[in-house]
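K.L.:
take a look and give me a structure for this.
(one chain, ligands or ions: 2)
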Amino acid sequence: NPPCEKFEYQAEVSRLMDLIVHSLYSNKEVFLRELVSNASDALDKLRFLSVTEPELLKDAVDLDIRIQTDKDNGIITITDTGIGMTRQELVDSLGTIAHSGTAKFLKALKESQEAGADSNLIGQFGVGFYSAFLVSDRVVVSTKSPKSDKQYVWEGESGASSYTIREEADPAKLLPRGTRLTLYLKHDDKGFAHPERIQKLVKNYSQFVSFPIYTWQEKGLTKEIEVDEDPAEANKVGEEDSKAELRNPKDVTTEEYNEFYKRTFDEYLDPLASSHFTTEGEVEFRSILFVPATRKDDIVNTKTKNIRLYVKRVFISDDFDGELFPRYLSFVKGVVDSNDLPLNVSREILQESRIVRIMRKRLVRKAFDMILGISLSENKEDYEKFWDNFGKFLKLGCVEDQSNHKRIAPLLRFFSSQSEEELISLDEYVENMKPEQKDIYYIAADSLTSARNAPFLERLLEKDFEVLFLVDPMDEVAIQNLKSYKEKNFVDISKEDLDLGDKNEEKEKEIKQEFTQTCDWIKKRLGDKVARVDISSRLRSSPCVLVSGKFGWLMRSQTLGDVSSL
Ligand code: ADP
Ligand code: MG
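P.N.:
Ligands and ions are numbered 1, 2, ... in the order given. You can find the predicted model right below:
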C-alpha cells in the first residue's frame with residue numbers, strides 16, 4: 001500500500017470548519033451549490049487551458065458533472081471530468097485558505113455573531129469546499145490531474161484538525177481525469193442522498209451551469225463504474241435548462257424561451273414577450289427577461305423573487321429589494337448571469353456595487369424596449385392585456401423614476417373625449433392636436449360619465465380640442481409627475497386661468513365690471529365655503545361651476561345643478 005501522509009490544516013481552515021459546522025446549520029443545502037460550482041470551475045479551467053494545450057483533452061471523455069446518491073447508506077458522490085488536482089494542488093487548495101472571499105466571510109461571520117448569530121450568512125458568502133462538512137462526517141476527494149500520471153485521494157473528517165493524502169490504490173476507482181467527491185453524510189443529513197432531493201437542489205442552484213449535470217434515479221453506488229456505458233439512464237437536469245440562456249440569442253426559438261420561462265418560474269401560460277441579450281464592455285452579463293401574461297403580484301409586493309441572479313451560472317439569489325430592478329418594474333421576470341460579480345455577493349455588496357448599478361440601468365432599458373415592442377406589435381390585444389395587468393405599475397414609474405420618463409410616457413394609455421371606448425397613447429393625442437393647440441388637456445374624474453359631463457369641457461369641445469379623461473386616481477398622479485410630453489404641457493382644464501389662446505381681454509374686463517356686484521353678493525351668501533367668486537369665460541351652457549384654485553387641492557369637477565339655492 002502506498003503511504004498515507006497526514007497534514008495539519010492551516011489554523012484559519014480549522015476555525016472556518018468549526019464555524020461552519022457549529023453555527024451555520026440552517027442553510028445546509030448550499031453545500032451542493034458550492035461543490036457543483038467547484039466542479040463547473042474545474043471544467044471551465046480545463047476547457048480554457050485546452051485551447052492552447054489540446055493534449056489535455058486526450059482522454060476524450062465528455063465534459064460533465066455526475067451526481068450519484070446512495071440513499072440507503074447516506075452517500076453522495078459528485079464527479080466531474082474537469083482539470084483535477086495534482087498532489088501539491090490538493091495540499092494548497094484543500095488545506096489552506098488561499099482566496100480572499102473566505103477570509104472576508106470569516107470576518108463578517110465574526111461580526112454578525114457578536115451581534116447575534118446570523119445563519120443566513122452562508123447563503124450570502126461562498127464558503128466553498130468546506131461547506132461539504134455542513135452535511136458530512138467524512139469527505140473523500142479522489143482526483144486526477146492531466147498534468148500528473150497519478151491519482152490522489154484527500155480525506156478529511158468533520159471536527160478533525162488534520163487530513164490525509166494518499167495515492168489511489170483501488171484500480172476500480174481510477175478516473176480518466178477530473179475529481180470525484182464522496183460525501184459520507186451525517187446521520188441527520190442522510191435525507192440529502194435522496195435522488196429527488198438532489199435533483200430539486202440542482203435545478204434550483206445550478207440551472208445555468210454550462211456543463212450537463214447528470215443525476216441518477218434509482219441506482220446504487222456499486223454500479224458507479226458502469227455509468228459511462230449507460231448514459232441513457234442518466235437524468236439530465238442541467239443541460240436542458242441551461243440551453244436558452246447559454247446560446248446565442250439568434251439561435252433560440254420563441255418556443256424554447258417559452259419553455260424555459262414556464263419551467264423557471266413555474267408558470268403555465270406563455271409570456272407576453274421576452275428579451276434575451278448579452279452586454280459587453282464595462283460590465284458583462286447575460287439576461288433573459290419576460291413580461292408575464294397575467295398578474296400575480298400586487299404593486300405593493302416588492303419582493304417578488306422575479307429576478308434570479310446567477311454568478312458564473314451558479315444561482316445566487318432571487319431575494320432582491322430594488323437593487324437589480326426598480327420596484328415599479330417588479331412584474332418583469334427574468335434571469336441574469338454575471339461573470340463580474342463575486343460568488344459570495346451579499347446584499348451589502350449589491351447595494352454598493354457600481355457593477356450592479358450599471359446592470360440595473362441596462363436591464364431597465366431592455367425591459368422598456370421589450371414593453372415598447374409589445375405596444376408596437378400588430379396584435380393589439382397583447383398590449384391591451386399588458387396595460388390591463390401592468391398599467392398601474394408604469395404609472396407608479398412616473399412617480400418613482402424621473403430619469404425614465406421619456407421611456408415610460410409613450411407606453412401610457414388613456415381614455416379621452418374623442419375615444420371613450422378605446423385607450424389612446426400620448427402620441428396619438430399629439431397627432432390629433434389642432435394646429436392652434438399648445439397644450440395637452442386633461443380632466444380628472446371618478447368615471448367616464450362624470451368626465452364627459454364636466455362643465456369645463458364645453459369650451460374645449462366647441463373648439464374640437466381633445467381632452468384626456470383621467471378616471472384612475474393613479475392617472476392624475478402620473479400626469480402631474482410627467483409635467484409635459486414632447487414639449488407640450490399637461491393642463492388640467494378644471495383649474496382656474498385656463499388659457500385656450502382665445503382671450504378677449506377687453507370684453508372680459510367689461511363683463512367683469514358688469515357683474516362685480518353679483519359676485520360680491522354670492523360670495524357673501526356662501527361665506528367661507530368658497531375662496532372667491534369670479535366671472536369666467538370657460539363655460540358655455542352651465543351657469544356656474546366650482547373650480548379648484550391654481551395651486552389648490554385637486555377636485556373632481558362638479559356642476560352646481562341647483563343654482564336657485566343661492
Ligand atoms: P474557490 O472555489 O472560491 O476557489 P473552494 O473552497 O470552493 O474555493 O475551492 C478551493 C479550491 O479547491 C479551488 O480554487 C480549486 O483550486 C480546488 N478545487 C475544489 N474543487 C475542485 C474540483 N472539483 N476540481 C478541481 N479543483 C477543485
Ligand atoms: Mg468554490
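K.L.:
check contacts around Ile535.
P.N.:
For Ile535, the contact set (Cβ atoms under 8 Å, 6 or more residues apart in numbering) comprises 508, 511-512, 515, 519. Placement of C-beta: from N, CA and C, glycine included.
K.L.:
among those residues, which ones are in helices?
P.N.:
508, 511-512, 519 (DSSP state H).
K.L.:
mind putting those in a markdown table, neighbour count, pLDDT and distance to ligand 1 included?
P.N.:
What follows is the ones in helices among the contacts of Ile535, written out as a markdown table (neighbours: other Cβ atoms under 10 Å; pLDDT from 0 to 100; distance: Cβ to the nearest ligand atom, whole Å):
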| residue | neighbour count | pLDDT | distance to ligand 1 |
| --- | --- | --- | --- |
| Glu508 | 13 | 79 | 78 |
| Ile511 | 14 | 84 | 83 |
| Lys512 | 13 | 83 | 81 |
| Cys519 | 14 | 87 | 80 |
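K.L.:
ok, Arg354 to ligand 1 distance?
P.N.:
Distance from Arg354 to ligand 1, counting by Cβ to the nearest ligand atom, to the nearest Å: 22 Å.
K.L.:
what's the separation between that residue and Asp340?
P.N.:
Between Arg354 and Asp340 the distance is 10 Å, computed by Cβ to Cβ, to the nearest Å.
K.L.:
repeat that for Ser287.
P.N.:
13 Å.
K.L.:
can you check Thr518 too?
P.N.:
Thr518 is 73 Å from Asp340, by Cβ to Cβ.
K.L.:
and the strands in the stretch 1-150 of the chain?
P.N.:
4-8, 65-70, 75-80, 136-144 (DSSP state E, counting those that start in this stretch).
K.L.:
most packed of the ones you listed?
P.N.:
Of all the strands of the stretch 1-150 of the chain, strand 65-70 carries the top mean neighbour count, a mean of 25, counting by mean count of other Cβ atoms under 10 Å.
K.L.:
what's the average pLDDT for that one?
P.N.:
Per-region confidence: strand 65-70 scores 91 on mean pLDDT.
K.L.:
just stretch 526-538 next, same as before
P.N.:
Mean per-residue pLDDT for stretch 526-538: 82.
K.L.:
got the CA positions of that stretch in CSV?
P.N.:
The C-alpha trace of stretch 526-538 is given here as CSV (Å, rounded to 0.1, in the frame of the first residue of the first chain):
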residue,chain,number,x,y,z
LEU,A,526,-71.5,81.4,0.6
GLY,A,527,-69.1,82.9,3.1
ASP,A,528,-66.1,80.7,3.9
LYS,A,529,-67.4,77.9,1.7
VAL,A,530,-65.6,79.3,-1.3
ALA,A,531,-62.4,81.3,-1.6
ARG,A,532,-63.5,83.6,-4.3
VAL,A,533,-66.4,84.1,-6.8
ASP,A,534,-65.3,85.2,-10.2
ILE,A,535,-66.5,85.8,-13.7
SER,A,536,-65.0,83.4,-16.2
SER,A,537,-65.3,82.7,-19.9
ARG,A,538,-64.8,79.0,-19.6
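K.L.:
which one of the contacts of Ile535 is nearest to ligand 2?
P.N.:
Glu508 (79.2 Å; Cβ to the ion).
K.L.:
please list the residues of the stretch 51-200 of the chain that sit near ligand 2.
P.N.:
Counting by Cβ under 5 Å from the ion, the residues of the stretch 51-200 of the chain lying close to ligand 2 are Gly128.
K.L.:
quick check: the residue of the stretch 51-200 of the chain nearest ligand 2.
P.N.:
Nearest residue of the stretch 51-200 of the chain to ligand 2, counting by Cβ to the ion: Gly128, 4.0 Å away.
K.L.:
dump the residue contacts of the residue nearest the centre of the chain.
P.N.:
Of all residues in the chain, the one closest to the mean position by Cα atoms, centre = their mean is Ile307, 2.1 Å from it. By Cβ under 8 Å, 6+ apart, the contact list for Ile307 reads 318, 320, 324-325, 332-336.
K.L.:
in contact with the nearest residue to Leu46 once chain neighbours are set aside, which residues?
P.N.:
Leaving aside its sequence neighbours, Leu46 sits nearest to Ile83 (Cβ to Cβ, 6 or more residues apart in numbering; 4.3 Å). Applying Cβ under 8 Å, 6+ apart to Ile83 gives the contacts 42-43, 45-46, 49, 56, 145-146, 178.
K.L.:
so for Ile83, what's the pLDDT?
P.N.:
Ile83 is assigned a pLDDT of 94 by the prediction.
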